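A.B. asks: below: sequence and its predicted model.
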Amino acid sequence: MTKAKAKIKNKIKQKARNALKVKIKNKSAASKRYKVTGTGLVKVMTCGKQHNAGSKNRSRKNRLKKLKVMREESRTHAYRCLPNSF
């Protein structure tokens, strides 16, 4: 077999190997809970707004609407769950 034919066969084999690679998936639960900003910070919903909202005043409920930035210690867990977000 000539060198040119061997090169072509190797290229075809490489393409077949690359096509079989598995894509990395995000954890669906994490993708629903966390949002990653452009600078790499992770935003999370604040807790305490889901139920018993009648006893909480309006300003407190408005404050609980906003997303908070996740602490740096917990951020590595979110990064591991969301590999495609970075």
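C.D. replies: Received, thanks.

A.B. asks: identify each buried residue in stretch 60-68, please.
C.D. replies: Across stretch 60-68, burial judged by 16 or more other CB atoms under 10 Å covers Leu64. For every residue, glycine as well, the C-beta is placed using N, CA and C.

A.B. asks: longest helix of the protein?
C.D. replies: In terms of residue count, the longest helix belonging to the chain (DSSP state H) is helix 3-19.

A.B. asks: and after that helix, which helix or strand comes next?
C.D. replies: helix 28-33 (DSSP states H and E).

A.B. asks: the helix or strand just after that next one: how far from the chain's middle?
C.D. replies: As assigned by DSSP H and E, the chain's next helix or strand after helix 28-33 is strand 34-36. Chain-centre distance of strand 34-36: 7 Å, with CA atoms, centre = their mean, to the nearest Å.

A.B. asks: what's the answer for stretch 54-70, then?
C.D. replies: Offset of stretch 54-70 from its chain centre (CA atoms, centre = their mean): 25 Å.

A.B. asks: could I have the longest helix of the chain exported to PDB, CA atoms only?
C.D. replies: What follows is helix 3-19, C-alpha atoms only, in PDB (Å, rounded to 0.1, in the frame of the first residue of the first chain):
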ATOM      1  CA  LYS A   3       1.900   6.200   1.700                       C
ATOM      2  CA  ALA A   4      -0.900   8.300   0.400                       C
ATOM      3  CA  LYS A   5      -3.500   5.500   0.800                       C
ATOM      4  CA  ALA A   6      -2.200   4.900   4.300                       C
ATOM      5  CA  LYS A   7      -2.600   8.600   5.200                       C
ATOM      6  CA  ILE A   8      -6.200   8.600   3.900                       C
ATOM      7  CA  LYS A   9      -7.000   5.500   5.900                       C
ATOM      8  CA  ASN A  10      -5.600   7.000   9.100                       C
ATOM      9  CA  LYS A  11      -7.600  10.100   8.600                       C
ATOM     10  CA  ILE A  12     -10.800   8.100   8.200                       C
ATOM     11  CA  LYS A  13     -10.000   6.200  11.400                       C
ATOM     12  CA  GLN A  14      -9.400   9.400  13.300                       C
ATOM     13  CA  LYS A  15     -12.700  10.900  12.200                       C
ATOM     14  CA  ALA A  16     -14.500   7.700  13.300                       C
ATOM     15  CA  ARG A  17     -12.800   7.800  16.700                       C
ATOM     16  CA  ASN A  18     -13.700  11.500  17.200                       C
ATOM     17  CA  ALA A  19     -17.400  10.900  16.200                       C
END
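
A.B. asks: if anything else comes up later, I'll come back, but that's it for now.
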